[in-house]
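Asker: Return atomic coordinates for the entry below.
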Amino acid sequence: MVNYYASHRAPAILSQNKDREIGRVFAEYKDNLVIIAGETKQEHTYLIPKNKVDHYGDKRVYLNISENSLKEFEFH
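Answerer: Alright, predicted model coming up:
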């Protein structure tokens with residue numbers, strides 16, 4: 001199911017704040033989702049473990065992480 005979301009560049013949303021899109025799912029890497037904010041500028045790249053996915057729906061991926069913990073998943 002995740003391949004569908006990566007191939008369609010599904011928005012990644014924080015479950016706690018349904019209005020907060022952190023980027024789009026670009027790929028899967030091992031047990032992680034690669035999420036990129038800012039497709040042209042690549043402002044942030046996140047490597048988020050699949051076990052942090054709360055649910056899928058409405059062509060979106062909802063993540064069970066807080067805004068404050070987002071930095072720990074940032075990939076440099």
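
Asker: where are the low-confidence patches of the protein?
Answerer: With pLDDT under 70 as the threshold, the chain has low-confidence stretches at 1-2, 4, 39-40, 42.

Asker: Can you show me the strands along it?
Answerer: 11-14, 17-29, 32-37, 44-49, 53-57, 60-63 (DSSP state E).

Asker: How far off centre is the first one?
Answerer: Relative to its chain's centre, strand 11-14 lies at 6 Å (Cα atoms, centre = their mean, to the nearest Å).

Asker: do the second one as well
Answerer: Here strand 17-29 is found 3 Å from its chain centre; the criterion is Cα atoms, centre = their mean.

Asker: Now do it against strand 53-57, angle only.
Answerer: 100 degrees (axes from the mean of the first three to the mean of the last three Cα atoms, to 10 degrees).

Asker: buried residues in strand 17-29?
Answerer: Within strand 17-29, the residues that count as buried by 16 or more other Cβ atoms under 10 Å are 22-26. C-beta here means a position set from N, CA and C on the backbone, and glycine is covered the same way.

Asker: Quick one: list the elements packing against that strand.
Answerer: If you count contacts as 3 or more Cβ pairs under 8 Å, 6 or more residues apart in numbering; DSSP states H and E, strand 17-29 packs onto helix 2-7, strand 11-14, strand 32-37, strand 44-49, strand 60-63.

Asker: Just the residues contacting stretch 58-69, thanks.
Answerer: Residues outside stretch 58-69 that contact it (Cβ atoms under 8 Å, 6 or more residues apart in numbering): 2, 5, 8, 10-18, 20, 22, 25, 33, 48, 52-56, 73.

Asker: From the residues you listed, list just the buried residues.
Answerer: Those of the contacts of stretch 58-69 that meet the buried threshold are 5, 10-15, 22, 25, 33, 48, 52-53, 73, by 16+ other Cβ under 10 Å.
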